[in-house]
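Engineer: sequence and predicted model, in that order:
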Amino acid sequence: MLSSHGKFQVVGEAEDGIGAIRCAQELQPDLILMDISMPRMNGMEAIGEVKKQSPNTRILILTVHKTEEYVHASLKAGADGYISKDANHNELLMAIENVLCGKRYLSPEISNKVINGYLEGRKGLEQDFKWNSLTTRERAVLKLVAEGLRNKEIADLLCISLNTVEKHRDNLMKKLDLHNASSLTLYAQEKGLLSE
C-alpha cells in the first residue's frame, strides 16, 4: 500500500525487533512502522535501540494492542505515534504524515482511552509497580524465557554472558514474586509479550 503511494518509498522490512534495529542502523529511514508483538525481541524493546542507532528516525507503532498501558510504555520508550491495525488507509497516511512532520500522533480510539484514563485519575503503567520496576533487558529476558529458550540460548541471542542471564532471571523472580519459568511465562502472556 505504501509503495504504491507516490510520497513514500519502502526501503526495508524486518521480521522482529532485532531485524528492525539492524535495518535502522543500515538504512537510516525517516520512519519505521513497528508492531509491538514480534518474535525474539518485541517492538517495545526495539524502540530504544532503534533511537540509539538512528536518532532521527521517527517510529509509528502499528499494532492490535489498544490498552493505555501499551500506549504509555511505547511513548515512554520513544515512539512518536501509536495507531491501531484496524485503522483505515486514510488514517494511516495521516498518522505517517503527522509523525514525519515531527508531531505526535495517537489514533482517535487510542487518544480517547488515554484521555479517559487521565480524567479518571489512572496513571497507566504507574499502576503496575512490579511491571514498572523491570528494566528493558529484564523484559527482553522475560520474553525469551516465556518463549521457552534456555539460559545459554538467551545469552547467545542477546550477546550477554550466561551469568548475566541468570542474574536477570533472579531479578525477575524477586521483583515479580514468581518462582519458576511457567509462572514467568504466564506473566509474560498477561503482559502481551508473546507473539500473537
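Structural biologist: Sure, I can see it.
Engineer: wait, a helix at Leu172?
Structural biologist: Yes - using DSSP: H, G, I helix; E, B strand; the rest coil, the secondary structure at Leu172 is a helix.
Engineer: didn't it look like it was pressed against Leu134?
Structural biologist: Yes - counting by CB atoms under 8 Å, Leu172 does reach Leu134; the two are 7.1 Å apart. To be clear about C-beta, it is placed using only N, CA and C from the backbone, and glycine gets the same treatment.
Engineer: what do those two both touch?
Structural biologist: Leu142 (CB atoms under 8 Å, 6 or more residues apart in numbering).
Engineer: against which helices or strands is the host helix or strand of Ile110 packed?
Structural biologist: Assigned by DSSP states H and E, Ile110 falls within helix 108-119. For helix 108-119, the packing partners by 3 or more CB pairs under 8 Å, 6 or more residues apart in numbering; DSSP states H and E come out as helix 68-77, strand 81-84.
Engineer: a markdown table please, covering those and showing distance to Gly48, mean neighbour count and mean pLDDT.
Structural biologist: A markdown table is the format used below for those (distance: least, CB to CB, whole Å; neighbours: other CB atoms under 10 Å; pLDDT from 0 to 100):
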| stretch | distance to Gly48 | mean neighbour count | mean pLDDT |
| --- | --- | --- | --- |
| helix 68-77 | 5 | 20 | 84 |
| strand 81-84 | 16 | 23 | 93 |
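Engineer: now do the top strand by length along the chain and helix 68-77, the angle between them.
Structural biologist: In the chain, taking DSSP state E as the definition, the longest strand is strand 58-63. Angle, strand 58-63 to helix 68-77, by axes from the mean of the first three to the mean of the last three CA atoms, to 10 degrees: 160 degrees.
Engineer: contacts only, for the nearest residue to Leu75 once chain neighbours are set aside.
Structural biologist: Closest residue in space to Leu75, ignoring its immediate chain neighbours: Tyr82 at 6.9 Å, by CB to CB, 6 or more residues apart in numbering. Tyr82 is in contact with Leu60, Ile61, Thr63, Tyr70, Val71, Ser74, Leu75, Tyr105, Leu106, Ser107, Ile110, counting by CB under 8 Å, 6+ apart.
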